[in-house]
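Colleague: Curious how this folds, go ahead:
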Amino acid sequence: MARQPSASVRERILDAATDLFDRYGVHAVGMQRIIDAAGCGKQLLYREFGSKDELVTAYLHRCEGSWERSFAAAVEVGERPEEQLVELVRVVGRSVPGPRGCPIRNTYAEFPEEGHPVHRTALEHFSAVREQICTLARRTTAADPQRLADRILLIINGLFTSGSTLSTDENARLAVELVQDVIAVETATARTSTSV
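Modeller: Next comes the predicted model:
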């Protein structure tokens, strides 16, 4: 039976790739550079990740963890979905990664081909995020929860792309004010239509 490398070897390779991809982008980083940064041989890297696409997909799944932690932290705050949606924007605003923004969005932009596995992985993430936000929005009194969710998603997308123009604190503050306004308008519409 072939000896399996420990999980720490796989994580060490993924750590090195994550650091390089985050700093330079996926296409700018070759496999040899990852091998050098991870301090492993080519054979070991390809035993753990059969191709660069497989490594990039694993990187995207790792990046998804940041969103999952943000979402989990937001839903723990308060019982009202309106509060949870505001908190989600607050948490995301405080945790936007450096001036390059969201690594999943950056990678998606580097792989525009619809059939590419990396492109599909990023799209699956965006779809799951949208559904999570829609689920919270459906629990509000908004007349059109889908529209509320899409507006909140637009705010979150803005946070991930404007990091280099404003400070993280300023972005977060403005985004929270905006999401509070959006929620107030969307839920007020529901109250108005039901009281007529």
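
Colleague: Need phi/psi at residue 139.
Modeller: Dihedral pair for residue 139: phi -90, psi -10, per degrees, to the nearest 10.

Colleague: next one: the one 4 residues further on
Modeller: Dihedral angles of residue 143 (phi, psi; degrees, to the nearest 10) stand at phi -60, psi -30.

Colleague: you'd agree it is up against residue 186?
Modeller: Yes. Using C-beta atoms under 8 Å, residue 143 is in contact with residue 186, at 7.1 Å. Where C-beta positions appear, they are placed from N, C-alpha and C, glycine not excepted.

Colleague: neighbour-wise, which of these two wins?
Modeller: Neighbour count, other C-beta atoms under 10 Å: between residue 143 and residue 186, residue 186 has more, with 22 against 16.

Colleague: Let me see the contact set for the more buried one.
Modeller: 140, 142-144, 147-148, 151 (C-beta atoms under 8 Å, 6 or more residues apart in numbering).

Colleague: now do 6 Å
Modeller: Taking C-beta atoms under 6 Å, 6 or more residues apart in numbering, we find residue 186 in contact with 142, 148.

Colleague: Buried ones in the regular element (helix or strand) spanning it, by neighbour count?
Modeller: Applying DSSP states H and E as the criterion places residue 186 in helix 168-195. Judged by neighbour count (16 or more other C-beta atoms under 10 Å), helix 168-195 contains these buried residues: 171-172, 174-176, 178-179, 182-183, 186-187, 189-190.

Colleague: Checking the spatially most central residue of the chain next. Helix, strand or coil?
Modeller: Against the mean C-alpha coordinate of the chain, by C-alpha atoms, centre = their mean, the closest residue is residue 67 at 4.8 Å. Under DSSP: H, G, I helix; E, B strand; the rest coil, residue 67 falls in the helix class.
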